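Peer 1: next input, structure requested:
(chains A, B, C and D)
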2 protein chains.
Amino acid sequence: MSSEIRLTPTSYIVLGLIEGGGEATPYDLKQAVAASLGDFWSLQHAQLYTEPERLAGAGYLKERREEGGRRRRHYAITAKGREALRDWLAEPTEELTELRDLALLKVFFGADAKAMAAAQLPAHERQLAAYEELRRDFGKVMPKGPGITLEAGIAAERIWIEFWSKQSG
Amino acid sequence: MSSEIRLTPTSYIVLGLIEGGGEATPYDLKQAVAASLGDFWSLQHAQLYTEPERLAGAGYLKERREEGGRRRRHYAITAKGREALRDWLAEPTEELTELRDLALLKVFFGADAKAMAAAQLPAHERQLAAYEELRRDFGKVMPKGPGITLEAGIAAERIWIEFWSKQSG
DNA sequence: CCTATCATGTAATCCGTTACATGATTAT
DNA sequence: ATAATCATGTAACGGATTACATGATAGG
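Peer 2: Next up, the predicted model:
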């Protein structure tokens, strides 16, 4: 039983959200993702059904299924899950972000940088505005981790705006 | 025949490299990736065997197999491939980079930002140094697209260094 | 000559995406 | 009531990673 599985970033996202918020259904997770890390690390909703199942199968979560009505699945973290999450969090990583940016890739292969900038600039400006609004509205009450991440997102968006501005000039 | 396939970024990387460099073997592609876009968009070498095959099956490349010896596969781009690449390059994208950064994800869930900074800073500094060396050595002879991409990489690394420096203070 | 490394390739697995589908709830 | 939207789930497919494996070449 409890076939061993590899834990991916998706796994830790699920573990982290459940550890933080307590028992959750896939839909709860979907909401949580949308409300928190969704802009910088997106997930398909189907993953939030299959991943908890996988984790439960391997003993990192335990599943409770509603008796009547919708028979929704509720997942809670186990000791094993908590431990895995803790270990992962304690391990600093040297891994760097890769710049997997479609627009950049196109420019690399010769796409017109000015045209690309025209499409990218407004998109990045919208994203920056969204982040800044988040900070204005919730900055004070935001937990530390998400707050730091938000600052990173803002810094990154500023760079992209500066970069694409240069290309469009 | 020529079953229709979906073209992914990987597909366009292969098409782009072959269009730029002429006929190539998977190993040539591997070398080309390592020498050019490898730091900002990495690929498994196995993909450079399966992806050209996929593309050839759908008519975007044509395969020529050596008769004797190693029977290596050589791929050349077809008119269909050229057209697909051209169309893709001509289409600006609004899609934003996602910040899929493991270190940030860990911080989001509460990892110690200072410890993470200690691991990330040197890694980013190495990467920045590598980019700057590239620019110093090849900046003058680099094609436009890669040159622009390199500037983006440098700008991004600077931001990350600044960001993680703040966290370690 | 032997060994290490480079070069080349295949197979299996699995995660992630896409597509499909239906049950509840709210609004009109 | 009906339509629309929200909520919940499953199935199938495919691309990407991992692991395995062997052929050439160069260095000692």
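
Peer 1: CA atoms for contacts and neighbours, from now on please.
Peer 2: Fine.

Peer 1: name all residues that make contact with A:Arg71.
Peer 2: Contacts of A:Arg71 were listed using C-alpha atoms under 8 Å, 6 or more residues apart in numbering or on different chains, and they are A:Arg65.

Peer 1: and the spatially most central residue of chain A, its phi and psi?
Peer 2: Nearest to the centroid of the C-alpha atoms of chain A, with distances taken as C-alpha atoms, centre = their mean, sits A:Trp41, at 3.1 Å. Summarising the backbone geometry of A:Trp41 under the convention degrees, to the nearest 10, its torsions are phi -150, psi 100.

Peer 1: was I right to think it contacts B:Arg100?
Peer 2: Yes - applying C-alpha atoms under 8 Å, one finds A:Trp41 in contact with B:Arg100, separated by 5.8 Å.

Peer 1: how many neighbours does A:Leu48 have?
Peer 2: Residues lying near A:Leu48 (other C-alpha atoms under 10 Å in any protein chain shown) number 21.

Peer 1: chain A - how does it break down into domains?
Peer 2: With automatic domain parsing serving as the domain definition, the record reports that chain A contains domains spanning A:9-90, A:102-168.

Peer 1: quick one: which of these is nearest DNA strand D?
Peer 2: DNA strand D sits nearest to domain A:9-90 of all the domains of chain A, at 3.1 Å, using C-alpha to the nearest atom of the strand.

Peer 1: what about the closest one, how long is it end to end?
Peer 2: Taking C-alpha to C-alpha, to the nearest Å, the span from the opening residue of domain A:9-90 to its closing residue is 15 Å.

Peer 1: that domain near DNA strand C anywhere?
Peer 2: Yes - Domain A:9-90 comes into contact with DNA strand C when judged by C-alpha under 7 Å from any atom of the strand, the residues involved being A:Pro9, A:Thr10, A:Ser11, A:Leu43, A:Gln44, A:His45, A:Ala46, A:Gln47, A:Glu51, A:Gly69, A:Arg70.

Peer 1: just the buried subset of the residues you listed, written out for PyMOL, thanks.
Peer 2: The following PyMOL command selects only the buried members of the residues of domain A:9-90 next to DNA strand C, with burial defined by 16 or more other C-alpha atoms under 10 Å in any protein chain shown:
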select buried, chain A and resi 9+10+11+43+51
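
Peer 1: of the residues of domain A:9-90 next to DNA strand C, closest to A:Ala152?
Peer 2: The shortest separation between A:Ala152 and any of the residues of domain A:9-90 next to DNA strand C is 18.7 Å, and it belongs to A:Pro9 (by C-alpha to C-alpha).

Peer 1: how about that closest one, nearest residue that isn't a chain neighbour?
Peer 2: Once its chain neighbours are removed from consideration, A:Pro9 has its nearest residue in B:Leu102; the separation is 7.6 Å (C-alpha to C-alpha, 6 or more residues apart in numbering or on different chains).

Peer 1: picking up where we left off before, OK, contacts around the residue nearest to the centre of chain A?
Peer 2: If you count contacts by C-alpha under 8 Å, 6+ apart, then A:Trp41 has B:Glu98, B:Leu99, B:Arg100 around it.

Peer 1: hang on, the last one in a helix?
Peer 2: No - under the criterion used here (DSSP: H, G, I helix; E, B strand; the rest coil), B:Arg100 is coil, not part of a helix.

Peer 1: give me the number of residues near it?
Peer 2: By the criterion of other C-alpha under 10 Å, B:Arg100 has 17 neighbours.

Peer 1: measure it to A:Ala58 for me?
Peer 2: Shown here: B:Arg100 relative to A:Ala58, a distance of 25 Å by C-alpha to C-alpha.

Peer 1: same question for A:Leu96.
Peer 2: Distance, A:Leu96 to A:Ala58, by C-alpha to C-alpha: 29 Å.

Peer 1: what do you get for A:Ile5?
Peer 2: Taking C-alpha to C-alpha as the measure, A:Ile5 and A:Ala58 are separated by 7 Å.

Peer 1: which one's more surrounded, those two?
Peer 2: A:Ala58 (18 against 11).

Peer 1: the one helix or strand A:Ala130 maps to and chain B, are they touching?
Peer 2: With the criterion set as DSSP states H and E, the secondary-structure element containing A:Ala130 is helix A:113-138. Yes - judged by C-alpha under 8 Å from any C-alpha of the partner chain, helix A:113-138 comes into contact with chain B at A:Ala115, A:Met116, A:Ala119, A:Gln120, A:Ala123, A:His124.

Peer 1: for the nearest residue to A:Ala117 once chain neighbours are set aside, what is the enclosing helix or strand?
Peer 2: Setting aside the residues directly before and after it, A:Ala117 is nearest to A:Trp164 in space (C-alpha to C-alpha, 6+ apart), at 5.0 Å. A:Trp164 is located in helix A:144-168, with elements delineated by DSSP H and E.
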